[in-house]
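Undergrad: here's a sequence, model it:
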Amino acid sequence: QRFMEYPVLTGMFMYAAAQATEAWQWAHDNWGLPSALDVVVFFNLVALGLALCWLVTIWATALTAGRRVWAVTLAALSPLVVVHIFTNFDAIATAALALAMLAWARRNPWMTGVFLGIGIAAKLYPGLLLVPLLVLCLRAGKVRDFAVTALMTAATWLIINLPIMVLHFRGWT
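TA: Residues are numbered from 1 along each chain as shown. This next block holds a predicted model:
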C-alpha cells in the first residue's frame, strides 16, 4: 500500500485533477473531444490549476504591496517560479499565504486565520507566518487579534483534515 507524502489539501487537488483527467478522457472516447495521453492531460490540468494559484499569489501580493511595485515584480518574475512552478504544488500554499497576508494588512484576523489554515492544509510553511504575527501582536498589544487568527487557523486546518483523518487515519498520519 502506498501513501502520499503531501498534506490533505494538496492531495485533494491531485485527486481532483486525476478525476478531471478521467472525465476528459471519457469525453474524448464518447464525444470526440481532442485529447492526449492520460499523463499529459493530467499535467495540463495541474499546470492550469497551479498557474491560477500563482496568479492569485501575484494579485494578493500586489494588493498588499500597494505602491511598492518592486515587491510584486520580484515575486512575479522570480527565476525559481519560472523553473519550478509546475514541478511541485507550492503555488496552492503561496496563494493561501498571500491571501492571509492581504487579510492581515486589511486588519481581518478571522480571514487571516482561514487562509493560513488553508495554506497549512496544502503545505506546512504558511504556518510559519504565525511566529512573526505573534511577535508583532505582542509588541503592539494586539494579543486578541493573534488569538483569533491562531484559533481560526487551527479550526480551518481541522475542518479540512478531519474527514481524511477519520476515514483514512493510517494514510493521514
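Undergrad: just the helices from the chain, written as ranges.
TA: For the chain, the helices defined by DSSP state H occupy 8-31, 38-65, 69-76, 79-84, 90-105, 109-122, 130-140, 143-167, 169-172.
Undergrad: format the ones you listed as JSON lines; extra columns: mean neighbour count.
TA: All C-beta atoms are positioned from the backbone trio N, CA, C, and that covers glycine. Shown next, in JSON lines, are those (neighbours: other CB atoms under 10 Å):
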{"stretch": "helix 8-31", "mean neighbour count": "15"}
{"stretch": "helix 38-65", "mean neighbour count": "17"}
{"stretch": "helix 69-76", "mean neighbour count": "14"}
{"stretch": "helix 79-84", "mean neighbour count": "10"}
{"stretch": "helix 90-105", "mean neighbour count": "24"}
{"stretch": "helix 109-122", "mean neighbour count": "25"}
{"stretch": "helix 130-140", "mean neighbour count": "13"}
{"stretch": "helix 143-167", "mean neighbour count": "16"}
{"stretch": "helix 169-172", "mean neighbour count": "12"}
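Undergrad: residue 2: which of the ones you listed is closest?
TA: Evaluated over those, closeness to residue 2 peaks at helix 169-172, with 9.1 Å, by CB to CB.
Undergrad: check the gap between residue 135 and residue 143 for me.
TA: Using CB to CB, to the nearest Å, residue 135 is found at 11 Å from residue 143.
Undergrad: could you tell me the least trusted of the helices of the chain?
TA: Comparing mean pLDDT across these, the weakest is helix 79-84, with a mean of 84.
Undergrad: show me the contacts for the closest residue in space to residue 111 that isn't next to it in sequence.
TA: In space, residue 111 comes closest to residue 103 once its chain neighbours are excluded; the distance is 3.9 Å by CB to CB, 6 or more residues apart in numbering. Contact analysis of residue 103 by CB atoms under 8 Å, 6 or more residues apart in numbering lists 109, 111-112, 114-115.
Undergrad: noted, bye for now.
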